[in-house]
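K.L.:
Below is the structure, and that's it, no one-letter string:
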Ligand code: ADP
Ligand code: ASP
Ligand code: MG
């Protein structure tokens, strides 16, 4: 008995033609797979629009959020009218779209009155895009003659209450998923589940973070003990670099979980960084495939990569970062400075992407998203107030406008000279390296460079270390 999870991203359901293509793909597999679960994102641009609407409402701009409601209505209406027969489910689906957009409008109205949008309200608002797209696709599948039912993941994926970045509670989620989905699958129904969203145990809507539909698919894959999880997107697979930055980037046929984990963590948007977490233990293969080129095999991600040919497989960049430095000669030999520094960072909810400390102990450097830099510096200054007065610590400061560029490939392990190639390539392009870190898995090397060197650094590394490597 084969169980397959197929997730379709925003562009894959971005308009009527794309949704039609998704239905073709799903129908094509109904005969080949015993149990098929579909996960969908919101139509492309919809989550962004919902966020813009909520922010406009919070800032008092009623006209702007009303315009967004109208745009969203027009976009969804166009898709529904093009896809669904007027004599069939078209009318009820248009009503469904209206109901969700009325809900959006009502949320925006409340946000407008309150003058602020809380993370909890933002989750309720941003969940609407997936609720609508799942219903459109399920109706289209029914029209094409298969049993299909749209399901809100609020019934399935139970999370903590970290709104906008919720973590699933594994045991309850597993129980809910099998209780709710197994009977449907046994009856041959194809569930179309909303990606991205979940709910607390009290039933309050949460989201798993931007791009989280990939993670939703992997969570369901784990809970249903699926044979494979397939991520359908708008490129042929995971590529050697972001194709928008590097036009000659190539598809990588096979990657390991740890390689893809590093790539996603360091900015490759093609997969949400948490996607591999639920499936790694059960060794469930993950595929990345192109909705618009479905016969292309795509990228296969499993535990062990095939013998690495070439050492660096991909290069990626993560933008919008600041490098914070805590420095002072008096830090040498004082126990606990690092622990207190990172406790202060954690108190601000900031995630640290990279750390480097020289053995002289005169400074600790770490890289965090720029939007968290100011509160993090304040928190460290408060924590180290005494050390600052004593001049054991001279200053805590941030260098803004930096990016992390990362070269990934498990073949780097035990291959001497890779670092030299990377720094040689950057040096020849006159790119100044601000800081360096190597993952302990030895499957990635990261460098911090100025933001305006980022594109050049990625292209240069791709050219010298991957394409000619
Ligand atoms: P979806 O809506 O299907 O989830 P995303 O936009 O989230 O799609 O992710 C796919 C996009 O990720 C691609 O269109 C591509 O521009 C971008 N991308 C960035 N880095 C990579 C990479 N290394 N390989 C493939 N795509 C990448
Ligand atoms: N629609 C959500 C987003 O835009 C989730 C996803 O696309 O994976 O972030
Ligand atoms: Mg995505």
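P.N.:
Nice, thanks for sending it over. Owing to the predicted nature of the structure, the values given are computational and were not obtained by experimental measurement. Ligands and ions are numbered 1, 2, ... in the order given.
K.L.:
which residues does residue 367 bridge with?
P.N.:
Taking DSSP bridges as the rule, residue 367 bridges to residue 323, residue 354.
K.L.:
That one reaches residue 320, doesn't it?
P.N.:
No. Taking contacts as Cβ atoms under 8 Å, residue 367 lies outside contact range of residue 320: 10.6 Å. (Each C-beta comes from the backbone N, C-alpha and C, glycine too.)
K.L.:
Looking at these two, which one has more neighbours?
P.N.:
Neighbours were counted for residue 367 and for residue 320 using other Cβ atoms under 10 Å; residue 367 has more, 27 against 13.
K.L.:
mind listing what's buried in stretch 275-292?
P.N.:
Judged by neighbour count (16 or more other Cβ atoms under 10 Å), stretch 275-292 contains these buried residues: 275-280, 284-291.
K.L.:
let me fix that: stretch 404-420
P.N.:
Under the neighbour-count criterion of 16+ other Cβ under 10 Å, stretch 404-420 has 404-412, 418 buried.
K.L.:
What of stretch 435-444?
P.N.:
435, 437, 439, 442-444.
K.L.:
Could you check which residue of the stretch 151-300 of the chain lies nearest ligand 2?
P.N.:
The nearest approach of the stretch 151-300 of the chain to ligand 2 comes at residue 213, 3.2 Å away (Cβ to the nearest ligand atom).
K.L.:
Distance of that residue relative to residue 7?
P.N.:
Separation of residue 213 from residue 7 (Cβ to Cβ, to the nearest Å): 6 Å.
K.L.:
May I see the buried residues of stretch 230-245?
P.N.:
Neighbour-count burial for stretch 230-245 flags 230-243, 245 (criterion: 16+ other Cβ under 10 Å).
K.L.:
Which phi and psi values does residue 168 adopt?
P.N.:
For residue 168, the backbone dihedrals (degrees, to the nearest 10) come out as phi -70, psi 150.
K.L.:
ignore the last one, residue 462
P.N.:
Here is the backbone geometry of residue 462 (degrees, to the nearest 10): phi -60, psi -40.
K.L.:
from now on call the first residue 33
P.N.:
In the new count, where the first residue is 33, that last one comes out as residue 494.
K.L.:
gap between it and residue 347?
P.N.:
According to Cβ to Cβ, residue 494 stands 5 Å off from residue 347.
K.L.:
just residue 212 next, same as before
P.N.:
Computed as Cβ to Cβ, the residue 212 to residue 347 distance reads 42 Å.
K.L.:
Residue 353 too?
P.N.:
For residue 353, the distance to residue 347 (Cβ to Cβ) stands at 17 Å.
K.L.:
ok, now which ones touch the residue nearest to residue 70 when sequence neighbours are not counted?
P.N.:
Leaving out its chain neighbours, the residue that sits closest to residue 70 by Cβ to Cβ, 6 or more residues apart in numbering is residue 224, at 4.6 Å. Neighbour list for residue 224: 70-72, 166-167, 169-170, 173, 180-183 [criterion: Cβ atoms under 8 Å, 6 or more residues apart in numbering].
K.L.:
before we move on, the earlier item: between residue 353 and residue 347, which one's more packed in?
P.N.:
For residue 353 versus residue 347, neighbours defined as other Cβ under 10 Å are more numerous around residue 347 (32 against 26).
K.L.:
Give the next helix or strand downstream of the helix or strand hosting residue 428.
P.N.:
Residue 428 is part of strand 427-440 when elements are defined by DSSP states H and E. Moving toward the C-terminus from strand 427-440, the next helix or strand (DSSP H and E) is helix 450-460.
K.L.:
All good on my end, thank you.
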